[in-house]
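Participant: Sequence plus the predicted model coming up.
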Amino acid sequence: MVDDPELRAEAARIRDEARAIRAEMKRHSKEPNWNLVRVNVAQPLVELSNRVSDELLRRTSKQAMVPLDRDPVPPKYSEKTRRYYERLGSGK
């Protein structure tokens, strides 16, 4: 849907990481390291999903309020940043 090569490369990297974790799990017949799955697959997938959503909004609506170029928020500040934008959007 989105033809940005950077987004496609990130999706491929996440998919490869998930496959590697699954292959390792099957090879050794043990539970995966869920912390590793969370850090290397789940969190990057959420971030990628957000970037794809922003890109789709940017392409579909001329009036959309989407940041043009946004650097990723460091993980230790992500919750505070999310709350800040929620407060900002609510008008408080």
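Facilitator: That came through, no problem.
Participant: how close does residue 77 sit to residue 71?
Facilitator: Residue 77 sits 11 Å away from residue 71 when distances are taken as C-beta to C-beta, to the nearest Å. Every residue, glycine included, has its C-beta placed from N, CA and C.
Participant: ditto for residue 7
Facilitator: 16 Å.
Participant: out of the two, which sits in the more crowded spot?
Facilitator: residue 7 (15 against 6; other C-beta atoms under 10 Å).
Participant: Give me the local confidence score for that one.
Facilitator: You'll see residue 7 listed with a pLDDT of 90.
Participant: which element is it on?
Facilitator: helix 5-28 (DSSP states H and E).
Participant: could you point out which element follows that helix?
Facilitator: Following helix 5-28 in sequence order, the next helix or strand is helix 34-37 (DSSP H and E).
Participant: What is the neighbour count of residue 24?
Facilitator: Around residue 24 there are 13 residues (other C-beta under 10 Å).
Participant: isn't it right next to residue 32, touching?
Facilitator: Yes. When contacts are counted by C-beta atoms under 8 Å, residue 24 is listed as touching residue 32 (7.4 Å).
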